[in-house]
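Chemist: mind folding the following:
(one chain, ligands or ions: 2)
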Amino acid sequence: MSIYGDYIKSVIRTVPDWPQPGVNFRDITPVLQNRSAFRKLIDSFVHRYQDSELDAIAAIDARGFIIGAPVAYELGCSFVPVRKKGKLPFKTISETYTLEYGESAVELHSDAFRANDRILVMDDLIATGGTMLAAAKLIQRSGGQVVETATIIDLPELGGSQKIQEAGHGVFAVCTFLENE
Ligand SMILES: O=P(O)(O)OC[C@H]1O[C@H](OP(=O)(O)OP(=O)(O)O)[C@H](O)[C@@H]1O
Ligand SMILES: Nc1ncnc2[nH]cnc12
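Modeler: Ligands and ions are numbered 1, 2, ... in the order given. Next comes the predicted model:
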C-alpha cells in the first residue's frame, strides 16, 4: 500500500458484471475526474521512484498511458508506449498474453531503449498478470532493465502479482482489492 493508498481506493468505483457477468470492474475514472485524487495518485508513484534514477517509463496501452506519461514528466525521464498489436508504425517486437477476459498481444518499438536502460513498467491494474509480464519480457528482450512493475490496483486473488514476483520483478501497487470488496 502506498502513501495515499486508502484514499485512492475509496475513490475507485466498482462496476459489477462489466464487461461480462462475474467481473467486478474497478473503474479509475472517478479518480481522474477528481483533481485532488488524480494529483495524489501521480504523487504516489513520484514519491516511490524519485530516487530510482529511471531512464524511462514503459506504460501499457491504454489505461497505463494515463498514469505513465505524467509520472515520466514529473520524474524527468522518457516515456515509451507498450501498445496493443498493430498500433506501432516502426519495427516492433511482440509478446502474446491471456487476459482475465480474452487474449491479446503487446508490442514495443525495437529501438525503444538503449542497453541497460533502467525502466519502470506501469499499468493501471494487475489481474492475471499476463499483460504486465508480457510487457516486462518485451523490455528485457530489447535490452532494458526492469527496475520494478507499478500499478494503481492489484487484484491479488487472481494471482498476477505473485506470478510477476516469481518471474523476478518487484510489484508496487497503490492499493489492492479482494473479490468481495
Ligand atoms: O493482469 P491482466 O489479467 O493481464 O489484466 C490487466 C490488464 O487488463 C486491462 O487492460 P485491457 O486489455 O482491458 O485494456 P485497456 O487498458 O485498453 O482498457 C488493464 O488495463 C490491464 O492492462
Ligand atoms: N477487474 C478488472 N477491473 C478493471 N480492469 C481490469 N482489467 C482486467 N480485469 C479488470
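Chemist: residues touching the biggest helix by length in the chain, excluding its own?
Modeler: Ranked by residue count under DSSP state H, the longest helix found in the chain is helix 35-49. Helix 35-49 is touched from outside by 2-5, 7-8, 11, 30-32, 67, 70-71, 74-75, 120, 122, 147-148, 150, 152, 172, 174, with contacts defined as Cβ atoms under 8 Å, 6 or more residues apart in numbering. From N, CA and C alone the C-beta is placed, and that goes for glycine too.
Chemist: buried residues in stretch 35-55?
Modeler: 37-38, 40-45, 48-49, 54-55 (16 or more other Cβ atoms under 10 Å).
Chemist: out of those residues, who's nearest ligand 1?
Modeler: Here the nearest of those to ligand 1, counting by Cβ to the nearest ligand atom, is L41; it sits at 14.8 Å.
Chemist: tell me where the protein has helices.
Modeler: According to DSSP H, the helices that the chain contains are 5-11, 29-33, 35-49, 63-75, 130-141, 160-166.
Chemist: need the contact list for S104.
Modeler: 84-85, 96-97, 131.
Chemist: report pLDDT for the residue nearest the centre of the chain.
Modeler: What sits nearest the mean C-alpha location of the chain, by Cα atoms, centre = their mean, is D123, with 1.4 Å. Listed pLDDT for D123 reads 98.
Chemist: can you check S2 too?
Modeler: As predicted, S2 sits at a pLDDT of 83.
Chemist: E100 too?
Modeler: On the pLDDT scale, E100 is placed at 60.
Chemist: reformat the buried residues of stretch 35-55 as CSV; add distance to G168 and pLDDT.
Modeler: Shown next, in CSV, are the buried residues of stretch 35-55 (distance: Cβ to Cβ, whole Å; pLDDT from 0 to 100):
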residue, distance to G168, pLDDT
A37, 32, 98
F38, 32, 98
K40, 30, 98
L41, 27, 98
I42, 27, 98
D43, 28, 98
S44, 24, 98
F45, 21, 98
R48, 19, 98
Y49, 19, 98
L54, 18, 98
D55, 19, 98
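Chemist: show residues contacting stretch 15-27.
Modeler: Under Cβ under 8 Å, 6+ apart, the answer for stretch 15-27 is 12-14, 100-101, 125, 153, 155, 177, 179.
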